[in-house]
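Participant: Return a 3D structure for these sequence lines:
(chains A, B, C and D)
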Number of protein chains: 4
Amino acid sequence: MIRIAVLGAGRIGKIHAANVAANPDAKLIVVADPFGDAASSLAKRLGCHAATDCLAAIERDDVDAIVIGTPTDTHIQFMLHAIAKGKAVLCEKPIDLDMAKSVAAANEVERLDGRVMLAFNRRFDPTSQAFRKAIDAGEVGEVRQVVITSRDPGMPPREYVKHSGGIFRDMVIHDLDLARWYLGEEPVEVMAMASCLVEPSLSEVPDFDTVMLQLRTASGKQCHINCCREAVYGYDQRMEVFGSKGMLLQDNLRPSTIRRWTDSATDAREPLLNFFLERYETAYKTELTAFVEALRTKSAFPTSVQDGLKALRLADCALESAMSGKSVKV
Amino acid sequence: MIRIAVLGAGRIGKIHAANVAANPDAKLIVVADPFGDAASSLAKRLGCHAATDCLAAIERDDVDAIVIGTPTDTHIQFMLHAIAKGKAVLCEKPIDLDMAKSVAAANEVERLDGRVMLAFNRRFDPTSQAFRKAIDAGEVGEVRQVVITSRDPGMPPREYVKHSGGIFRDMVIHDLDLARWYLGEEPVEVMAMASCLVEPSLSEVPDFDTVMLQLRTASGKQCHINCCREAVYGYDQRMEVFGSKGMLLQDNLRPSTIRRWTDSATDAREPLLNFFLERYETAYKTELTAFVEALRTKSAFPTSVQDGLKALRLADCALESAMSGKSVKV
Amino acid sequence: MIRIAVLGAGRIGKIHAANVAANPDAKLIVVADPFGDAASSLAKRLGCHAATDCLAAIERDDVDAIVIGTPTDTHIQFMLHAIAKGKAVLCEKPIDLDMAKSVAAANEVERLDGRVMLAFNRRFDPTSQAFRKAIDAGEVGEVRQVVITSRDPGMPPREYVKHSGGIFRDMVIHDLDLARWYLGEEPVEVMAMASCLVEPSLSEVPDFDTVMLQLRTASGKQCHINCCREAVYGYDQRMEVFGSKGMLLQDNLRPSTIRRWTDSATDAREPLLNFFLERYETAYKTELTAFVEALRTKSAFPTSVQDGLKALRLADCALESAMSGKSVKV
Amino acid sequence: MIRIAVLGAGRIGKIHAANVAANPDAKLIVVADPFGDAASSLAKRLGCHAATDCLAAIERDDVDAIVIGTPTDTHIQFMLHAIAKGKAVLCEKPIDLDMAKSVAAANEVERLDGRVMLAFNRRFDPTSQAFRKAIDAGEVGEVRQVVITSRDPGMPPREYVKHSGGIFRDMVIHDLDLARWYLGEEPVEVMAMASCLVEPSLSEVPDFDTVMLQLRTASGKQCHINCCREAVYGYDQRMEVFGSKGMLLQDNLRPSTIRRWTDSATDAREPLLNFFLERYETAYKTELTAFVEALRTKSAFPTSVQDGLKALRLADCALESAMSGKSVKV
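Facilitator: From the prediction side, this is the model:
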């Protein structure tokens, strides 16, 4: 039984805490959040301790592992504290918005031989897993092109955008991680274009709301990513892997399979599941299970701090390319 | 080169005449219709003779084969005249609305060793053909159940309904022919239910607008057919063949493959092709090709007068079952 | 907080017990099963008491409501004992395989003013709920035809079949309940056909493995149901509601949304979720939530003992029709 | 009645000639091809004159308009000769593989006030037309991103590749034309990546077989195009237009709507229509109709020589970007 402390009782912390509580091989010991009310009401519902001091929660003797779901700028502090105390960590991405700090943290993790899994939730989606399995089984042969569509249902508040690190580090980073995973090779070149088509005033931040990227690996494999902060039809998450023997597609999820036929349209499906918490509900569960399972069996984590670094570096390259109009070597 | 006379310059006659004219192995000699204007304008457009006397058109020396697209109550007369003159016939179904007359005509055709193909157009639809081919290739194993959905886009005029022979002989007969074709065995039992849900006053004709049937063959194979004279979303033609090794489904056709995503629906497809002339455009062409090909190669027709008789008998059994509330043995 | 005893620790009991344990408004007090090991291992996993005596479990002071997931022939005994003790009941269907016993039990429940919800799980499937909501909102206008496809992935063991009450009472009963629910009127006439196409020797039981039914309501609405004990492509659960203003379709569920494109097929989807436990996982959860919610808010149950009686009566009529070859008035 | 000469009796010439012959407002006068046998056999089948001298065919008095379907390097000569003789022209794209020659030809056409329509067949596909109409009707609001997938079923012969002008001018040019059409604004920036993943030895030509592009307009609208010379699952032609109010998708076409359900896959569709002649059969007809209609009504052509120039310029920019690794301003 892996005994776990969850740091953060916000949107993502709640998901993790509930998944820990429901996992038969894990035990939720404590939920910690500087906002005491959030922590205590969550703890009460899930039957565990509440705390306001995250560092103290990490240090508890009855805790083996830490799930970090606090704001991005606290990730490194808690991660390093946890491994210093010999605790394993599941940390929300990104490590940090700053590349240099992220590299330093990763080096420290390595120096201390710390065990850190980075929470790239989409890799644990059932269809993503089915993709990876099919690719590994040689179903598509040699991968040639990967196409990823990733559009959010609506613009986040301006305040959020300002502290987000920008669309590449905040949003596209997920798709960059998937690109690496599906390509099976590291991208060596990035080309990006970025516009403010949803909210022109976003350029004052400065940031973008609509972007396109293409990546190339050393052997010439290609990946296209398109993102937009707003799609009126909902949270659009599609993927395609095309290779020498075939192609795999991933569709979106909807609340039910109902299809409507009227005098103006036929076979119409429902709007998509609203956003990432709903769309990746199963993925979050599977991610937590993978974390617990790796701890239980003392095997390697499926995602590492290095994965976090590499995705962040690609995001930085994309931003540089969008600003300079040149392809950027990674 | 098969030289052909087309009788009837109405809706269906126009289709047949144009298909004859476009067929590289056939030559359209004459279009005949008592409504001289219809015949002559069609003939002018397609570059052939026009006639008002159908019997005379049949007798022309430069005509090898006759396509009958005139009103149902003239089918037998023209069919028998043609075979008496040694001409091959492609006749629109049904042979006649009356079973006894139809049987007598079929006997006469047989006595004279006449060559008659009955125009069950749906059998020539690309998907129907793909179904038949897949069944023959053993893809579904032993057929267990056939499910046919057949709904018209809107009620025909009351005058049409009065002379139609009723929904079973006019509309369901197509589906009964397909049922026989896919089951691969003759139905021996029919159960039917019939209602007036679109136009309650239709019961005064008397007729029905909404029906359900189920058929059983001697070995226990089953078929369900549902029909309605009106579907606001269009001409609905779906089929399913389920067997020991799998299932085949047939979808509807639409003008284009466009799919719309909006804030109220996703992946919505267009309304269906309006009605049988559009939906079975390719089927009519292939049917004519099959007729010409059989004549050219002196091989058997894919559909016969006997097929027409059998479908009509099933329609009569269905009507009897709907009226009596009992299963009817064929 | 509704305190609940779950009777039965088999396949379905495990589902109910886990759903009770995970429900924030319910507390799982005890799991009872004559097979003590099953009960105790389940109880241990979910953190509740275990018992071998179901009657004693019903009588516990700390229990408000009973979920009955034991074999069918024990349903009435436990149901009546529970309501005699003033406990609310969620009972797996059917009440009993025998109509007379079922009626007597229903009468007794009514006499004692007992609170019993019958577990027609499919009504709680998200798509079924979406259907009902859309029908209520007038989306399809007046319902004309309902079409239900319900095929199991494989034949149950012969021993199960012998005690199942036959395909109509064991399998089709679910579809009959849905038919009633979607038609919005009681069927007054049933026509059925039944064959042994999967296992001819099943006729010795006697039972059938492949059936087709059609139902009619007093106003002429129609419903078709087709069932088979074996479909090699999996547990096939499709539905269609067709009315004056449109149509609703329900598709099957699959483990992921992956679609495969190869040189022999395009857009191929995965095999279906194996069977009812997987396919209706969400439905079981929602059903339990509805039960708890009705108790919490002291409102009416969405499904009643009368619903169970009516579905059973339709199953009996279908069997009679299949044997007699006549339509049967309900 | 527009009297037409078709130049070229090869693959594409046959299509055009048959469409002219079947068009009720056009008359096919002559088919000309230096390969006399090809011309005469085609002419015989379609009932028109045959010729080996294309220039003479252009000059015939009984000819109003010319359809040019000869090899690319003859396009300019025939186009200019035709307009010099006062004949209207429908010319296969590209004008020429060389940008300078193409510009000079376009200038000459303009100087002579010649009437030339460039044959961008895909614009006339029913779904492309539906896209354009929906965009014009404001269905997607402001266009933000266009995504085009365009993969051929298999590598052309090496000899073809050598004279093709390269993948950008030969294949991608179609997609670049569509990009312009859907974006509704001229692209001002192009970024491209190109690899030899199907046949590594193609780099010796030099050419590429697998490419990705992204385009940007002055207002920031974006377009992604991905192409590959080989897709084992067939000729893949998909499109997507995403805007502020919604999204439109275009699916591929298949020979029938059959869907197969087996124990290893469900809902599997057929392989795609083999290649452009089958896939765009309707588009070629509609294109010819649009040409004839514009001549008949003396209205503007839907596609012009300028469209050809602009698409070619984008193709050249893409090649430059792929070679230099820099974004190229148009």
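Participant: check contacts around residue A:42.
Facilitator: Applying Cβ atoms under 8 Å, 6 or more residues apart in numbering or on different chains, we find residue A:42 in contact with A:9, A:13-14, A:17, A:31, A:33, A:50. (Each C-beta comes from the backbone N, C-alpha and C, glycine too.)
Participant: Mind picking the two most distant members of those?
Facilitator: Across those, the longest distance by Cβ to Cβ is 13.1 Å; it joins A:14 and A:50.
Participant: Next secondary structure element downstream of the host helix or strand of residue A:161?
Facilitator: According to DSSP states H and E, residue A:161 maps onto helix A:158-162. Where DSSP H and E defines the elements, the next helix or strand beyond helix A:158-162 is helix A:167.
Participant: hmm, that next one touching chain D?
Facilitator: No - judged by Cβ under 8 Å from any Cβ of the partner chain, helix A:167 and chain D are separated, with a smallest distance of 13.3 Å.
Participant: List of residues touching the helix holding residue A:161?
Facilitator: The contact list for helix A:158-162 (Cβ under 8 Å, 6+ apart) reads A:155, A:202, A:205, A:207.
Participant: So which residues of the stretch 1-150 of chain A form helices?
Facilitator: Counting by DSSP state H, counting those that start in this stretch, the stretch 1-150 of chain A has helices at residues A:11-22, A:36-46, A:54-59, A:75-84, A:99-111, A:126-136.
Participant: hang on, the earlier thing: of the contacts of residue A:42, which is the most crowded?
Facilitator: Within the contacts of residue A:42, most neighbours by other Cβ atoms under 10 Å in any protein chain shown means residue A:31, with 33 neighbours.
Participant: ok, now how distant is that one from residue D:90?
Facilitator: Separation of residue A:31 from residue D:90 (Cβ to Cβ, to the nearest Å): 72 Å.
Participant: which parts of the stretch 101-250 of chain A sit against chain D?
Facilitator: Counting by Cβ under 8 Å from any Cβ, the stretch 101-250 of chain A comes close to chain D at A:142, A:144-145, A:147, A:149, A:151, A:189, A:191, A:193, A:195-198, A:210-214, A:216, A:220-222, A:224, A:226, A:228, A:230-233, A:236, A:242, A:244-247.
Participant: out of those, which touch chain B?
Facilitator: Within these, those near chain B by Cβ under 8 Å from any Cβ are A:232-233.
Participant: mind listing which of the residues of the stretch 101-250 of chain A next to chain D are in strands?
Facilitator: Mapping these onto strands (DSSP state E) picks out A:144-145, A:147, A:149, A:151, A:189, A:191, A:193, A:195, A:210-214, A:216, A:222, A:224, A:226, A:228, A:236, A:242, A:246-247.
Participant: residues in contact with residue A:251?
Facilitator: A:127, A:238, C:257, C:259.
Participant: mind running it again at 6 Å?
Facilitator: Shown in contact with residue A:251 (Cβ atoms under 6 Å, 6 or more residues apart in numbering or on different chains): residue C:257.
Participant: ok so, going back, between which two of the contacts of helix A:158-162 is the distance greatest?
Facilitator: Across the contacts of helix A:158-162 (Cβ to Cβ), the longest gap, 11.8 Å, separates A:155 and A:205.
Participant: Buried ones in stretch A:87-104, by neighbour count?
Facilitator: By 16 or more other Cβ atoms under 10 Å in any protein chain shown, the buried positions in stretch A:87-104 come out as A:87-99, A:102-103.
Participant: what's the first-to-last distance across it?
Facilitator: End-to-end distance of stretch A:87-104 (Cα to Cα, to the nearest Å): 19 Å.
Participant: which residues touch that stretch?
Facilitator: A:65-69, A:75-76, A:79, A:82, A:105, A:115-119, A:165, A:169, A:291, A:295, A:308-309, A:312, A:316.
Participant: Could you find the residue in the stretch 51-200 of chain A that comes nearest to chain B?
Facilitator: Distances between the stretch 51-200 of chain A and chain B by Cβ to the nearest Cβ are smallest at residue A:153, namely 9.7 Å.
Participant: host element of that residue?
Facilitator: Residue A:153 belongs to no helix or strand, assigned by DSSP H and E.
Participant: Next, count neighbours for it.
Facilitator: For residue A:153, using other Cβ under 10 Å, the count is 20.
Participant: Ramachandran angles for it?
Facilitator: The phi/psi pair for residue A:153 (degrees, to the nearest 10) reads phi -70, psi -30.
Participant: For it, list the residues it contacts.
Facilitator: A:234-235, A:275.
Participant: What distance do you get for it to chain C?
Facilitator: 18 Å (Cβ to the nearest Cβ, to the nearest Å).
Participant: What ranges does the stretch 201-330 of chain A have for its strands?
Facilitator: A:210-217, A:222-228, A:236-243, A:246-250, A:258-261, A:268-269, A:328-329 (DSSP state E, counting those that start in this stretch).
Participant: between those, which gets nearest to residue D:325?
Facilitator: Among the strands of the stretch 201-330 of chain A, strand A:328-329 comes nearest to residue D:325, with 8.4 Å by Cβ to Cβ.
Participant: starting at the chain centroid, how far to the closest one?
Facilitator: How far strand A:328-329 lies from its chain's middle: 24 Å, per Cα atoms, centre = their mean, to the nearest Å.
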